[in-house]
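Student: have a look; sequence and predicted model below, questions after that.
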Amino acid sequence: MARLFSKKVQRNAFLAAFTVVLLSLLDPPPLPQSLQRRQALSAQDEAVMGDVYDFVDDADTAVYWHIPKASGSSMKGYYGCLGLVEATQMGITEGHDTDESLEVWDHPHGPKFLNVDTTREDGILHAKQLGLAQSGLADVVFTEYPAIATQMFTTKHQARFFTLLRHPIERSVSLFYYRQIAKWEKHDGVYKPDLAGLELEEYARKRINSRDNGGFMVSLLLNKRRTEPLTDDDLQKAKEILRTKFVVGLTSRMEESVQRFDNYFGWHDVNDEEGKKQRREECLDLYIRQKTGGGENKSNKNTYKHVEEGSEAWKLWAKFHYFDMQLYEFAVQLFEDQADLLGVHAWEDYLEEQQQQQQIMDVVPVVENVPVESIVPGEGRTPPENNVPVESRVSGEGNVPPESNVPAANVVATENNVPVENNVPAENSVPIEENNVPAKNIDIPAQNAVSAEVNIADNQNVPMQSA
């Protein structure tokens, strides 16, 4: 009996040990204590995220939520082109991965970087330890983990979030083809050449049958693992975070979104000096405008067959991305709502007015200034050398030179100030033209959409969980 009991103990001990080993193989090693994912974004996390409708304080830092395959690299290139200091994966290149204090350094190709990598979870912890938020050195921080990134900030030094969202199905299809060719990706599991042997529908079915909840954006906003089931309550929480904490842009309305971001953070001023405005136009042309396929570098595009709405592939991906589809539809409406609440329409009306004035200037030439002593008072001003002799002048078409004037004592007051003996009857007079319309240089936003073609360099840090 004692021997039988001993075998039972041994068998139970073996099963317990086997279970522990099996669980360790299924779950990845835990993150550091400060970075372990929680079930939901905490109240403390939300407190350090500035409310989108509050004024941006000088102590706050702009944080861009970089969603893979949603024009994030274009945004990095654009703000680098403007000369803003960025915190990205580039910050620890050129030997800066071992720096023990914060430092802004100039890349050989021009952009300025803070020497931290906020696109990785361990890099966020390092940036927090170095006091990124308190330093005020970064103009814009890029990260794929908004909930974790909040740990770098405080209630006195808040994070001000903004992002570009792309349709979930378009984004997944783009990522599917990107992973087949992305040999340069350093993250394990991103480059998957074997995907080239799968049809898009077949891959979608595999994803539906996997443990992935399909809610990539919702999970990141709530700081939940991709293997955790999502609920309608989670979706509502994600919508509320997006509504109150993010300035939202859409890749389908790229330039309009960037104009909104720049106005919100004060990176664009219509009254700025001419040189900076010209530089900004160059940056917009290079990285944002639909000049070579949605602002993407033509040499880096990867063309592929797009999925038609209503097709079998579309339906499968829509099923997989149920929660993200709901969040995206909410974001499209939020984009319109924020235009009213952030005063964007007033700004657009102002630009339209400026555009109309510029169009008038393109038609009506500005008459060069003429010395005062050479002009007789009147609305239409003609340079002295072009004046018509008084005896052949039609009332109102031009002013009479002073030497042609009749002494005041002999002049009868008329609205055109021409000596009475030379006046033409009123019914033959020509209306005076308004020639002096002021010219004004402005930035006129164009409503250009971004194409869905893949920029190979669009995301150099696609995390495994974003696959």
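Tutor: Perfect, thanks for sending it.

Student: need the contact list for the nearest residue to residue 245 once chain neighbours are set aside.
Tutor: The shortest distance from residue 245 to any non-neighbouring residue, by CB to CB, 6 or more residues apart in numbering, is to residue 49 (4.4 Å). For glycine as for every other residue, the C-beta is placed from the backbone atoms N, C-alpha and C. By CB atoms under 8 Å, 6 or more residues apart in numbering, the residues touching residue 49 are 150, 153, 158-161, 241, 245.

Student: which of those sits closest to residue 200?
Tutor: Comparing these against residue 200 with CB to CB places residue 241 closest, at 31.0 Å.

Student: tell me the secondary structure for the residue nearest to that closest one when sequence neighbours are not counted?
Tutor: Nearest in space to residue 241, with sequence neighbours left out and distances taken as CB to CB, 6+ apart, is residue 221 at 5.2 Å. Under the three-state scheme (DSSP: H, G, I helix; E, B strand; the rest coil), residue 221 adopts helix.

Student: for the residue nearest to residue 245, what are phi and psi?
Tutor: When read as degrees, to the nearest 10, the backbone of residue 49 gives phi -90, psi 110.

Student: residues in contact with the residue nearest to residue 241?
Tutor: 41, 146-147, 237-238, 241-242.

Student: would you list the contacts of residue 49 in CSV and tack on neighbour count and pLDDT?
Tutor: Listed next are the contacts of residue 49 as CSV, based on neighbours: other CB atoms under 10 Å; pLDDT from 0 to 100:
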residue, neighbour count, pLDDT
150, 26, 97
153, 25, 97
158, 23, 97
159, 23, 98
160, 24, 98
161, 24, 98
241, 20, 96
245, 24, 97
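
Student: end to end, how far does stretch 193-206 reach?
Tutor: 16 Å (CA to CA, to the nearest Å).

Student: who are the packing partners of the strand ranked longest in the chain?
Tutor: Selection of the longest strand in the chain by residue count, based on DSSP state E, yields strand 159-165. Here strand 159-165 touches strand 61-65, strand 246-250, helix 254-265, going by 3 or more CB pairs under 8 Å, 6 or more residues apart in numbering; DSSP states H and E.

Student: of these, which stretch is the most buried?
Tutor: Among the helices and strands packed on strand 159-165, strand 61-65 has the highest mean neighbour count (mean count of other CB atoms under 10 Å), at a mean of 26.

Student: output it in PDB with nothing but the alpha carbons.
Tutor: The C-alpha trace of strand 61-65 is given here as PDB (Å, rounded to 0.1, in the frame of the first residue of the first chain):
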ATOM      1  CA  THR A  61       5.300  66.400 -25.300                       C
ATOM      2  CA  ALA A  62       3.700  65.400 -28.600                       C
ATOM      3  CA  VAL A  63       3.500  61.600 -28.900                       C
ATOM      4  CA  TYR A  64       2.700  60.000 -32.200                       C
ATOM      5  CA  TRP A  65       1.100  56.500 -32.100                       C
END
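
Student: now that strand: mean pLDDT?
Tutor: The pLDDT scores in strand 61-65 average 98.

Student: ok and it relative to strand 159-165, angle-wise?
Tutor: With axes from the mean of the first three to the mean of the last three CA atoms, to 10 degrees as the basis, strand 61-65 and strand 159-165 are set at 30 degrees to each other.

Student: show me what strand 61-65 is packed up against.
Tutor: Taking 3+ CB pairs under 8 Å, 6+ apart as the contact cut, strand 61-65 packs with strand 140-143, helix 146-149, strand 159-165.

Student: sorry, back to before: the residue nearest to residue 245 pairs with what?
Tutor: As for beta bridges, residue 49 partners with residue 159 under DSSP bridges.

Student: how far away is it from residue 159?
Tutor: Distance from residue 49 to residue 159, counting by CB to CB, to the nearest Å: 6 Å.

Student: and if you look at residue 268?
Tutor: Where residue 159 is concerned, residue 268 sits at a distance of 21 Å (CB to CB).

Student: what do you get for residue 262?
Tutor: Separation of residue 262 from residue 159 (CB to CB) stands at 18 Å.

Student: what does stretch 319-328 rub up against?
Tutor: 165, 167-169, 172, 204, 207-208, 212-218, 230, 234-235, 238-239, 242, 318.

Student: buried stuff in it?
Tutor: 320-328 (16 or more other CB atoms under 10 Å).

Student: what pLDDT, on average, does that stretch get?
Tutor: For stretch 319-328, the mean confidence score works out to 98.
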